[in-house]
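Trainee: Quick one, fold the following:
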Amino acid sequence: MNCDQIEELISDLIDGELSETARAGVLGHIAVCERCAAFYRQVKRTVRFVRANAAPVPEPGTPGERYAGFIRAISERE
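Mentor: Model (predicted):
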């Protein structure tokens with residue numbers, strides 16, 4: 001698989017929707033490709049943040065804490 005194909009499968013990997021064979025192929029590629037590994041980490045952090053903050057509806061005029069939380073979430077290393 002090439003990097004473009006891997007990027008198309010990252011969301012399915014995170015959601016656990018890949019077959020074992022496809023999962024192994026994606027994880028194998030991520031293990032040797034820093035570009036795809038970085039993309040995977042970025043998407044995983046974004047998904048984690050969105051899932052953690054999906055329920056609350058921001059009130060008008062909410063201070064920047066949500067933005068600060070987002071920045072912390074995408075800055076965390078795996």
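Trainee: All the helices of the chain, in order from the start?
Mentor: Assignment of helices within the chain using DSSP state H yields the ranges 3-14, 20-32, 34-52, 65-75.
Trainee: could you dump those to a markdown table with mean pLDDT and mean neighbour count?
Mentor: Quick note: C-beta positions are derived from backbone N, CA and C, even for glycine. Below are the helices of the chain laid out as a markdown table (pLDDT from 0 to 100; neighbours: other Cβ atoms under 10 Å):
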| stretch | mean pLDDT | mean neighbour count |
| --- | --- | --- |
| helix 3-14 | 95 | 15 |
| helix 20-32 | 97 | 13 |
| helix 34-52 | 92 | 14 |
| helix 65-75 | 71 | 12 |
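Trainee: So Arg23 versus Phe49, what's the distance?
Mentor: 23 Å (Cβ to Cβ, to the nearest Å).
Trainee: Gln42 now?
Mentor: For Gln42, the distance to Phe49 - Cβ to Cβ - is 11 Å.
Trainee: Return every residue with contacts to both of the two.
Mentor: Counting by Cβ atoms under 8 Å, 6 or more residues apart in numbering, the residues touching both Gln42 and Phe49 are Ile74.
Trainee: Report the contact partners of Asp4.
Mentor: By Cβ under 8 Å, 6+ apart, Asp4 lies in contact with nothing.
Trainee: ditto for Glu8
Mentor: By Cβ under 8 Å, 6+ apart, Glu8 has no neighbours at all.
Trainee: same question, the one 5 residues further on
Mentor: With contact set as Cβ under 8 Å, 6+ apart, Leu13 has these partners: Arg23, Val26, Leu27, Tyr40.
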